[in-house]
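J.: Next input, structure requested:
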Amino acid sequence: MQFKIDDLTDSKVIKLVTEHFNSMAEQSPPESMHALNLEALRKPEITFWSAWEGEECIGCGAIKELDPQHGEIKSMRTSSAHLRKGVAKGLLQHIIEEAKRRGYLRISLETGPTDSFEPARRLYASFGFQYCQPFSNYTEDPNSVYMTKEL
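T.: Residues are numbered from 1 along each chain as shown. This next block holds a predicted model:
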């Protein structure tokens, strides 16, 4: 598996990000949907990585700098053809290592509370993320769960 900082112009990456965005929109009411579209992922405070196996885009993930000591994980997605093969684990490890390299003291995320998000919550917990109060511009929301990890 190879990770590369991505400019979100490759059609395979666009397809995966669009799949992620649409899936999140189906699972969350509009006021609780925090997934980023392609345009939002291209903002300067966001670094986006695609994961590749040969010529196939198998996953993606991003980190948004909230401040010089705090990052937020965004847009974690594994291609449906590559679920349970370690793609998300590899991406998450890559993002955490980058957060440490940048000198962040903490990395946080927002995810869903429903059963469909349980595998993601278990993955984050296995890396030491703990449930927390809303951070940054988030507010209490029954459709969101917040997790954080001290680095």
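J.: part of a strand, is Thr47?
T.: Yes: the assignment for Thr47 is a strand, going by DSSP: H, G, I helix; E, B strand; the rest coil.
J.: which residue packs closest to Leu92, ignoring adjacent ones?
T.: Phe127 (5.9 Å; C-beta to C-beta, 6 or more residues apart in numbering). The way it works is simple: take the backbone N, C-alpha and C, and place the C-beta from them, glycine included.
J.: pretty sure the one you found is in contact with Ile95, am I right?
T.: No: when contacts are counted by C-beta atoms under 8 Å, Phe127 is not listed as touching Ile95 (9.9 Å).
J.: hmm, back to that, list the contacts of the residue nearest to Leu92.
T.: The contact partners of Phe127, by C-beta atoms under 8 Å, 6 or more residues apart in numbering, come to 92-93, 96, 149.
J.: what's the most distant pair in the residues you listed?
T.: Using C-beta to C-beta, the contacts of Phe127 reach their maximum pairwise distance at Gln93 and Lys149, which is 12.1 Å.
J.: re earlier: pLDDT at the residue nearest to Leu92, what is it?
T.: Per-residue pLDDT puts Phe127 at 98.
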